[in-house]
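Q: here are the coordinates; sequence isn't available:
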């Protein structure tokens, strides 16, 4: 699946774009799950948000992003 449109430029550069992203948390007061996380993106007029995530969900997302960055750096070094 192709996720990009050709030239690679920063999608979230505040100097040349109105695109934004945000990650946030709130305390739930629940002893078993004291945090609730959410992420949102506004890109080219489209808005996407996911809420109600656990810390484990955020860690999983972070690991996947880190994995892709490592692969890109390794591929460039070849």
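A: Thanks, I have it. Everything numeric in this text was worked out from a predicted model, so none of it was measured.
Q: how far out from the middle of the chain is stretch 17-24?
A: 9 Å (CA atoms, centre = their mean, to the nearest Å).
Q: if we go by neighbour counts, what in it is buried?
A: Buried residues in stretch 17-24, counted by 16 or more other CB atoms under 10 Å: residue 19. Quick note: C-beta positions are derived from backbone N, CA and C, even for glycine.
Q: what's in contact with that stretch?
A: With CB atoms under 8 Å, 6 or more residues apart in numbering as the test, stretch 17-24 has contacts from 10, 11, 12, 37, 38, 39, 40, 41, 42, 43, 44, 58.
Q: can I assume residue 35 is in contact with residue 26?
A: Yes. With contact defined as CB atoms under 8 Å, residue 35 counts as touching residue 26 (7.4 Å).
Q: for this protein, what spans make up the helices?
A: 55-77 (DSSP state H).
Q: low-confidence ranges in the protein?
A: Applying pLDDT under 70 to the chain flags the ranges 1-8.
Q: for it, what spans make up the strands?
A: Here the chain has its strands, by DSSP state E, at 20-27, 35-43, 46-53.
Q: deepest of the ones you listed, which one?
A: strand 35-43 (a mean of 15; mean count of other CB atoms under 10 Å).
Q: ok, back up a step: which one of the contacts of stretch 17-24 is nearest to residue 70?
A: residue 58 (18.6 Å; CB to CB).
Q: that closest one and residue 37 touch, don't they?
A: Yes. Using CB under 8 Å, residue 58 is in contact with residue 37, at 4.9 Å.
Q: how close does residue 42 get to residue 56?
A: According to CB to CB, to the nearest Å, residue 42 and residue 56 sit 26 Å apart.
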